[in-house]
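Engineer: Let's see this in three dimensions:
(one chain, ligands or ions: 1)
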Amino acid sequence: MAGVTDRPFRQLCRRFGAALVVSEMVTADQRLWHTRKSSLRRDHAGEPAPISVQIAGTDPRQMADTARRDVDHGAQIIDINMGCPAKKVCNRAAGSALLRDEPLVAAILAAVVAAVDVPVTLKIRTGWSPEARNGVRIARIAEDCGIRALAVHGRTRACAFRGEAEYHTIRAIKQAVSIPVIANGDIDSPAKAARVLRDTGADAVMLGRGAQGRPWIFEQINQYLETGMVPEEPADEAVREILLEHLRELHAFYGEYMGVRIARKHMGWSLQQRAGGEAFRREFNGLECPAAQLAAVAGFFREVGVAV
Ligand SMILES: Cc1cc2nc3c(=O)[nH]c(=O)nc-3n(C[C@H](O)[C@H](O)[C@H](O)COP(=O)(O)O)c2cc1C
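Structural biologist: As a prediction, this is how the structure comes out:
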């Protein structure tokens with residue numbers, strides 16, 4: 001997820017049992033790669049395998065070239081994004097806008113699969129619009145082109161993030177292909193993960209927003225799927241340690257100026273649901289240095305009675 005699944009967050013998710021994490025989307029337009037933002041997006045130092053790098057673009061040759069470079073740079077899986085509805089992407093007809101053009105989908109997938117010797121996976125929505133839910137056809141094209149796994153967000157491109165994700169199209173896709181299908185959309189609890197797995201027959205589930213601010217949800221889901229026991233929320237002491245560690249990692253990864261800014265949204269997600277969380281968020285967003293942020297998070301937990 002652009003702006004979310006940076007290296008520090010991916011590492012946290014893996015530590016809490018996510019089997020696979022995917023990089024923030026990297027554009028296939030290599031003219032944009034010289035920016036600091038792009039180079040941080042391509043930084044996978046110290047990450048556990050498999051390193052999956054997501055690419056987006058519309059030109060088969062350019063996508064193939066990008067995939068090759070990413071593999072040379074350490075990617076062990078290439079993931080192609082045809083699921084993003086963002087204007088910035090769709091105006092250039094990349095992301096989910098591509099789902100409208102099935103021959104171009106096939107050309108991109110075939111070119112990328114032929115270009116690299118690592119598995120290529122694909123992320124899609126259920127179709128272009130509710131009237132043109134062509135997810136099953138796209139899935140068959142993907143399988144024919146050699147795509148090794150398919151993640152499906154249960155909304156169409158036209159739906160953006162409105163309404164609720166629907167899972168029957170994901171079920172139809174699962175039944176139509178023999179490659180692994182990963183169900184995605186609105187999964188925010190262990191029980192929901194279990195229900196979506198059951199209702200779709202999918203091989204795995206993928207979480208986006210449900211993991212923001214609470215990477216431990218992967219451990220909870222794994223535990224629930226393995227034992228059927230409803231997991232407890234982590235103790236405040238444990239959450240405090242996770243957040244302090246996350247903060248330190250963000251400061252180290254991005255440097256002081258950017259790290260402090262990126263940390264604001266992550267700490268906001270983690271603490272906003274707690275008593276006093278909203279007031280904390282407002283105050284925290286005004287802090288300008290790493291030490292003040294660390295002290296503020298420690299102070300938040302001290303106030304709710306967690307000993308230092
Ligand atoms: C802020 C944000 C950024 C996202 N960036 C990407 C992206 O770069 N690539 C992608 O495939 N999906 C991206 N998505 C979509 C998510 O991967 C996911 O499909 C969607 O949020 C639905 O799943 P969820 O309900 O678990 O969040 C993004 C979503 C959000 C909210």
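Engineer: Give the next helix or strand downstream of the helix or strand H153 falls within.
Structural biologist: Using DSSP states H and E, H153 maps to strand 149-156. Counting by DSSP H and E, the element after strand 149-156 in chain order, helix or strand, is helix 168-176.
Engineer: what helices or strands is that following helix leaning on?
Structural biologist: strand 120-127, helix 135-145, strand 149-156, strand 181-184, helix 190-200 (3 or more CB pairs under 8 Å, 6 or more residues apart in numbering; DSSP states H and E). C-betas here are computed from N, CA, C, even on glycine.
Engineer: which stretches of this structure have low pLDDT?
Structural biologist: 85-96, 307-308 (pLDDT under 70).
Engineer: hmm, who's touching the strand holding H153?
Structural biologist: Applying CB atoms under 8 Å, 6 or more residues apart in numbering, the external contacts of strand 149-156 come out as 79, 83, 96, 119, 121-130, 132-133, 135, 139, 142-143, 161-163, 165-167, 169-170, 173, 177, 179-186, 203, 206.
Engineer: Selecting buried members of those in PyMOL, what would you type?
Structural biologist: Applying 16 or more other CB atoms under 10 Å to these leaves a buried subset, and the PyMOL line that selects it is:
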select buried, resi 79+83+96+119+121+122+123+124+125+126+127+128+133+135+139+142+143+165+166+167+169+170+173+177+179+181+182+183+184+185+186+206
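Engineer: Next, the contact list for the residue of the stretch 201-308 of the chain found nearest the ligand, please.
Structural biologist: Among the residues of the stretch 201-308 of the chain, G208 lies closest to the ligand, at 2.8 Å counting by CB to the nearest ligand atom. Residues counted as contacts of G208 (CB under 8 Å, 6+ apart) are M1, V4, N184.
Engineer: Only C-alpha atoms, please: export the one helix or strand H266 maps to in PDB.
Structural biologist: For H266, the host element (DSSP H and E) is helix 256-271. Listed next in PDB are the C-alpha coordinates belonging to helix 256-271 (Å, rounded to 0.1, in the frame of the first residue of the first chain):
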ATOM      1  CA  GLU A 256      14.800  12.800  11.400                       C
ATOM      2  CA  TYR A 257      12.700  15.200   9.300                       C
ATOM      3  CA  MET A 258      10.700  12.700   7.200                       C
ATOM      4  CA  GLY A 259      10.600  10.000   9.900                       C
ATOM      5  CA  VAL A 260       8.900  12.300  12.400                       C
ATOM      6  CA  ARG A 261       6.200  13.200   9.800                       C
ATOM      7  CA  ILE A 262       5.600   9.600   8.600                       C
ATOM      8  CA  ALA A 263       5.400   8.500  12.200                       C
ATOM      9  CA  ARG A 264       2.400  10.700  12.800                       C
ATOM     10  CA  LYS A 265      -0.100   8.700  10.800                       C
ATOM     11  CA  HIS A 266       1.100   5.400  12.100                       C
ATOM     12  CA  MET A 267       0.900   6.500  15.800                       C
ATOM     13  CA  GLY A 268      -2.500   8.000  15.000                       C
ATOM     14  CA  TRP A 269      -3.800   4.700  13.600                       C
ATOM     15  CA  SER A 270      -2.500   2.900  16.700                       C
ATOM     16  CA  LEU A 271      -3.900   5.100  19.400                       C
END
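Engineer: May I see the buried residues of it?
Structural biologist: G259, V260, I262, A263, R264, H266, M267, G268, W269, S270, L271.
Engineer: Which residues of the stretch 151-300 of the chain lie near the ligand?
Structural biologist: Contacts of the stretch 151-300 of the chain with the ligand, taken as CB under 6 Å from any ligand atom, map to H153, N184, G185, D186, I187, L207, G208, R209, G210.
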